[in-house]
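Undergrad: prediction below, plus the sequence it came from.
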Amino acid sequence: MGELLEKLTGGLLDFEDRARAWLGAGERLPGARSAVARSRAVGWLTESGRLESVLVREDLVGLVEFALSWRTVLERMVGDEPPAWTPARCSCGERRFHWDVKAGFYVCAACATHVSEREASARVEQEVAR
């Protein structure tokens, strides 16, 4: 768990450093990668509309992917798995994707194609939009 928190904090602090440089806000306080550092980074990013300013930058939108990837990691840690089946259509034409807990992907029962939860959702949304 400590290693996981270290990675989370590192990614958050790296993003804060890039955001500070872009906003010309000066460097953050040096220190350990701890709960205090995480709290400071989140506080700094969310106060005074900074987050909105940062998210308009194309090269800084990595925060969104960062947050979503960590949400997925943390959900898996507490056993929050996606649905066992998805209505997504595989490239083989079948709708036979089932969640494989070990693989961490949806796997097509017809052709063994693997797709992520995000890709399965995108396929469903794409088909609905047609």
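TA: Now that the structure is in, tell me what you want to look at. Residues are numbered from 1 along each chain as shown.

Undergrad: next helix or strand past the helix or strand of the chain with the lowest mean pLDDT?
TA: One helix or strand of the chain scores below all others by mean pLDDT, DSSP states H and E: helix 62-77, with a mean of 73. The helix or strand immediately downstream of helix 62-77 is strand 85-86, counting by DSSP states H and E.

Undergrad: direction included, what does whichever helix or strand comes after that following strand pair against?
TA: Using DSSP H and E, the next helix or strand after strand 85-86 towards the C-terminus is strand 97-100. With DSSP bridges as the test, strand 97-100 is paired with strand 85-86 (antiparallel), strand 105-108 (antiparallel).

Undergrad: low pLDDT regions in this protein?
TA: Along the chain, segments meeting pLDDT under 70 span 1, 32, 48, 61, 64.

Undergrad: let's go with 90 and repeat that
TA: Residues of the chain meeting the criterion pLDDT under 90: 1-84, 100-105, 117-118, 121, 125-130.

Undergrad: tell me the domain ranges of it?
TA: Structurally, the chain divides into domains by automatic domain parsing as follows: 2-77, 85-129.

Undergrad: would you turn these into a markdown table with mean neighbour count?
TA: The C-beta positions use only the backbone N, C-alpha and C, and glycine is treated the same way. Shown next, in a markdown table, are the domains of the chain (neighbours: other Cβ atoms under 10 Å):
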| stretch | mean neighbour count |
| --- | --- |
| domain 2-77 | 13 |
| domain 85-129 | 15 |
